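Undergrad: Based on what follows, work out the 3D shape:
(one chain, ligands or ions: 1)
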Amino acid sequence: MQVALLQLDLAFGDVEVNKEKINHMIHKIPDETDVIVLPELWNTCYDLKRLDQLADYDGWDSRAFLSHLAYRHEAAIVGGSVAKVGEQGFTNTMYIYNKKGHFIKEYSKAHLIPLMHEQKYFKAGDRDGLFEVGGIPSAGLICYDLRFPEWVRWHAVQGAKVIYIVAQWPKERINHWRTLIQARAIENQCFVVACNRVGDDPNFSFGGHSMVVGPMGELIVEGGDEEGILTAMLDLDQVAKARSLVPVYNDIRSDLYDLRLK
Ligand SMILES: NC(=O)CCC(=O)C(=O)O
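TA: This next block holds a predicted model:
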């Protein structure tokens with residue numbers, strides 16, 4: 001399975017410019033791409049004070065845009081995330097479409113990051129990020145979710161072999177980003193496909209370093225801090241190989257540690 005990650009420099013609060021940028025960049029993706037991945041909040045960025053003017057009502061505009069992209073390029077799309085407004089208020093929401101442009105999944109960020117004031121504006125999601133694309137059990141999570149190993153592990157034990165992480169991760173903590181992606185891939189013995197943005201907004205500078213890491217922690221591709229497209233080929237057989245070589249799933253001591261809150 002071939003994936004293509006769009007590591008974009010996005011325009012703060014300018015949805016139309018960001019759509020144009022995606023339309024332009026997507027033409028450079030190789031024809032054989034199976035899955036296209038976009039960054040977090042590609043529509044509004046972190047222009048949270050203007051969400052009431054910018055957020056997409058029920059995600060309709062973003063959904064139409066993503067569905068059309070998937071259909072036109074005959075590739076599934078893990079549509080980063082967008083600021084959406086619905087009956088429950090604002091959410092930071094991911095949409096996934098298959099290569100025919102059919103809707104597959106919606107996931108809203110479960111862990112909101114205080115450092116970027118998300119709690120003040122967004123309602124946290126309370127559903128899982130599991131989906132299947134091209135017959136491959138997968139999961140989609142959003143940025144700060146990466147810091148919660150239990151949430152990633154939960155998706156892995158439900159069967160996800162590829163975990164997609166979409167992000168606007170600041171440059172100042174890019175060492176955490178790189179280390180956590182590799183740790184999540186190694187501990188869960190799955191592929192992690194992680195797409196970050198680059199560039200600046202009025203409050204943050206974003207670090208890029210989008211990455212694809214394999215189930216033994218092997219770095220398949222890593223970006224720098226420039227805008228661009230990263231591609232990688234995922235050999236899904238590597239998941240079973242890693243799990244038979246180091247059988248951590250068989251050796252979990254649920255009798256000894258129960259991670260539910262007391
Ligand atoms: N957009 C985010 O969730 C950023 C996460 C982050 O900066 C961190 O966890 O550190």
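Undergrad: helices or strands next to the longest strand seen in the chain in the packing?
TA: Identified as the longest strand of the chain according to DSSP state E is strand 89-97. Packing partners of strand 89-97 (3 or more CB pairs under 8 Å, 6 or more residues apart in numbering; DSSP states H and E): helix 60-73, strand 76-78, strand 82-86, strand 103-108, strand 136-142. Heads up, the C-betas are built off the backbone N, CA and C, glycines and all.
Undergrad: so what does the shortest one touch, helix or strand wise?
TA: By that I understand strand 76-78. Partner elements for strand 76-78 (3+ CB pairs under 8 Å, 6+ apart): strand 35-37, helix 60-73, strand 89-97.
Undergrad: ok now the first one, how far from the chain's centre?
TA: What that stands for is strand 35-37. Distance, stretch centre to chain centre, for strand 35-37: 10 Å (CA atoms, centre = their mean, to the nearest Å).
Undergrad: Name every strand pairing with it and say which way it goes.
TA: Strand 35-37 pairs in its sheet with strand 2-7 (parallel), strand 76-78 (parallel), by DSSP bridges.
Undergrad: returning to what we had before: show me the one of the helices and strands packed on strand 89-97 that comes nearest the ligand.
TA: The ligand lies closest to strand 136-142 among the helices and strands packed on strand 89-97, at 6.8 Å (CB to the nearest ligand atom).
Undergrad: List the contacts of residue 234.
TA: Residues in contact with residue 234 (CB atoms under 8 Å, 6 or more residues apart in numbering) are 1, 2, 3, 162, 191, 193, 212, 214, 220.
Undergrad: Just name the most buried of the helices and strands packed on strand 76-78.
TA: Mean neighbours per residue, mean count of other CB atoms under 10 Å, is largest over the helices and strands packed on strand 76-78 for strand 35-37, with a mean of 26.
Undergrad: Would you mind naming what in the chain lies close to the ligand?
TA: Residues of the chain that fall close to the ligand, judged by CB under 6 Å from any ligand atom: 40, 113, 116, 143, 144, 147, 167, 168, 169, 170, 173, 176.
Undergrad: Surely the fifth one is in contact with residue 112?
TA: Yes: the pair residue 144 and residue 112 passes the contact test of CB atoms under 8 Å, sitting 7.0 Å apart.
Undergrad: circling back: reformat the helices and strands packed on strand 76-78 as JSON lines; add distance to residue 15.
TA: Shown next, in JSON lines, are those (distance: least, CB to CB, whole Å):
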{"stretch": "strand 35-37", "distance to residue 15": "19"}
{"stretch": "helix 60-73", "distance to residue 15": "8"}
{"stretch": "strand 89-97", "distance to residue 15": "14"}
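Undergrad: Tabulate those (a markdown table), appending mean pLDDT and distance to residue 204.
TA: Converted to a markdown table, those look like this (pLDDT from 0 to 100; distance: least, CB to CB, whole Å):
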| stretch | mean pLDDT | distance to residue 204 |
| --- | --- | --- |
| strand 35-37 | 98 | 21 |
| helix 60-73 | 98 | 22 |
| strand 89-97 | 98 | 15 |
